[in-house]
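Colleague: quick check, what structure comes out for this input:
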Amino acid sequence: MPPHTLTLRQLLDDYGRTYASEAGITLRDKPAPLYQLLVLATLQSTRIRADIAAAAAKELFTAGFRTPQRMLDATWQQRVDALGRGGYARYDESTATRLGDGAELLLKTWRGDLRRLRSPHRELQQFPGIASAGADIFCREVQAVWPRLRPFFDQRSLDAAQRYGLPTDPKKLAGLVPDDQVAVLATALVRSTLRA
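Modeller: Below is the predicted model of the structure:
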């Protein structure tokens, strides 16, 4: 048994939950859940704890803002209020604006469907509040339903892999788990650095 197997098992046991699942998103290759993941990535792209971003996303979705059209139809104040209920108070006003602008961009440019992205990491950065780090967050998780992106490990997850003595080559690292667990592994690696 390779020396990193126990570490890998412990890593998955301790941190093996995606942020999408924490936010109540049942990720599928369909427009609404993909949009919800984009909302979560937008919230996580701000300097705020991941658990607060997940709680705020849940509040937005509970308020009915699960599609870009619903987000755009909501008033700015409704978005601010939902973010506030989720504990996302420090950046609620600017984020409410970004969410509305991002929904409009998605509807106009990709007809509300992120599956139309041709170069996801690059094109995601066109959304307000989604820079390279936000695109990393989205791609790390969406690879669970977009096999064309798999394996996707951003630098943060690869740095954590190196720290645990795991392979830093994305294909070798992905080979340690079944295909349907690559996103979980990528997220677990990142989560482990946040709690360390």
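
Colleague: residue boundaries of the helices in the protein?
Modeller: 5-15, 19-22, 31-44, 50-62, 68-73, 76-85, 92-110, 120-124, 132-142, 155-163, 170-174, 182-194 (DSSP state H).

Colleague: OK, contacts around the closest residue to residue 92 other than its chain neighbours?
Modeller: Leaving aside its chain neighbours, residue 92 sits nearest to residue 83 (4.1 Å; criterion: Cβ to Cβ, 6 or more residues apart in numbering). In short, each C-beta sits where N, CA and C put it, glycine included. Contact partners of residue 83, counting by Cβ atoms under 8 Å, 6 or more residues apart in numbering, are 56, 59-60, 89, 91-92, 95-96.

Colleague: I figured residue 42 hits residue 133, correct?
Modeller: No. Taking contacts as Cβ atoms under 8 Å, residue 42 lies outside contact range of residue 133: 11.1 Å.

Colleague: so which of those two has more stuff around it?
Modeller: Counted by other Cβ atoms under 10 Å, residue 42 and residue 133 do not tie: residue 42 has more neighbours, with 23 against 15.

Colleague: list the residues that contact that one.
Modeller: Here residue 42 is in contact with 95, 98-99, 102, 127-130, 134 (Cβ under 8 Å, 6+ apart).

Colleague: how far does the lowest-mean-pLDDT helix or strand in the chain sit from the chain's center?
Modeller: One helix or strand of the chain scores below all others by mean pLDDT, DSSP states H and E: helix 5-15, with a mean of 84. Distance of helix 5-15 from the chain centroid (Cα atoms, centre = their mean, to the nearest Å) equals 21 Å.

Colleague: that helix packs against which elements?
Modeller: helix 182-194 (3 or more Cβ pairs under 8 Å, 6 or more residues apart in numbering; DSSP states H and E).

Colleague: show me the shaky parts of this protein.
Modeller: Applying pLDDT under 70 to the chain flags residues 1-6, 195-196.

Colleague: what number of residues lie near residue 59?
Modeller: Residue 59: 20 surrounding residues under other Cβ under 10 Å.

Colleague: so how far is residue 74 from it?
Modeller: 12 Å (Cβ to Cβ, to the nearest Å).

Colleague: check residue 136 too.
Modeller: According to Cβ to Cβ, residue 136 and residue 74 sit 27 Å apart.

Colleague: repeat that for residue 190.
Modeller: Separation of residue 190 from residue 74 (Cβ to Cβ): 30 Å.

Colleague: again, but for residue 122
Modeller: In this structure, residue 122 and residue 74 are 28 Å apart, going by Cβ to Cβ.

Colleague: these two: who's more crowded?
Modeller: Higher neighbour count among residue 122 and residue 74: residue 74, with 21 against 11, using other Cβ under 10 Å.

Colleague: the closest residue to the more buried one other than its chain neighbours: neighbouring residues, count only.
Modeller: Excluding its sequence neighbours, the residue lying closest to residue 74 (Cβ to Cβ, 6+ apart) is residue 65, at 5.4 Å. Residues near residue 65, counting by other Cβ under 10 Å, number 25.
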